[in-house]
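A.B. asks: here is a sequence together with a model predicted from it:
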Amino acid sequence: MIPGTIGVLVLLLVFSKFIINLPRKTRSNFLVAGLIYLSGAIGCELIGGYILDSRMRGIFYLIIITLEESLEMLGIAVFIYGLLSHISYCTSGTMLTIKVPGEKLRRYNYLP
């Protein structure tokens with residue numbers, strides 16, 4: 001866990017200029033997404049490790065693992081929302097075309 005935490009802090013420092021220069025809403029979405037993801041990945045992993053070391057395997061461990069994975073997926077979902085929000089901020093009148101094999105062509109107009 002310690003090398004992973006150090007790696008995250010180093011990457012945060014490396015990308016700090018990029019994050020600071022983002023629009024306010026996008027920056028907030030990205031930071032919230034990262035916080036949610038890392039709280040699951042690092043925080044719940046620490047708790048799960050403690051539970052395994054104390055030999056309390058059972059329902060507590062299953063709950064922590066479920067919470068960890070849920071927080072990671074929620075963090076990714078918030079990040080995707082932030083990306084789509086940023087795309088709508090930067091473009092106007094974007095046309096999204098989705099082609100599903102074997103079905104008719106569907107067109108969705110995405111207007112912010």
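C.D. replies: Great, that's in hand. Residues are numbered from 1 along each chain as shown.
A.B. asks: what about V14, distance to G7?
C.D. replies: Using C-beta to C-beta, to the nearest Å, V14 is found at 10 Å from G7. All C-beta atoms are positioned from the backbone trio N, CA, C, and that covers glycine.
A.B. asks: hmm, I was thinking of Y37
C.D. replies: Y37 is 14 Å from G7, by C-beta to C-beta.
A.B. asks: and for L13?
C.D. replies: 11 Å.
A.B. asks: and I19, by the same measure?
C.D. replies: 16 Å.
A.B. asks: quick one: which of these two has more around it?
C.D. replies: I19 (13 against 10; other C-beta atoms under 10 Å).
A.B. asks: touching, that one and L31? I think so.
C.D. replies: Yes: here I19 reaches L31: they are 7.2 Å apart, a contact under C-beta atoms under 8 Å.
A.B. asks: least trustworthy helix or strand in this structure by mean pLDDT?
C.D. replies: strand 106-110 (a mean of 57; mean pLDDT, DSSP states H and E).
A.B. asks: max-length helix in the protein?
C.D. replies: Longest helix in the chain, counting residues (DSSP state H): helix 59-90.
A.B. asks: what about that helix, distance to the chain center?
C.D. replies: 4 Å (C-alpha atoms, centre = their mean, to the nearest Å).
A.B. asks: what is that helix packed up against?
C.D. replies: Counting contacts by 3 or more C-beta pairs under 8 Å, 6 or more residues apart in numbering; DSSP states H and E, helix 59-90 packs against helix 24-38, helix 44-53.
A.B. asks: state the mean pLDDT of the first one.
C.D. replies: The pLDDT scores in helix 24-38 average 94.
A.B. asks: that helix: how far from the chain's middle?
C.D. replies: Worked out by C-alpha atoms, centre = their mean, helix 24-38 lies 8 Å from the chain centre.
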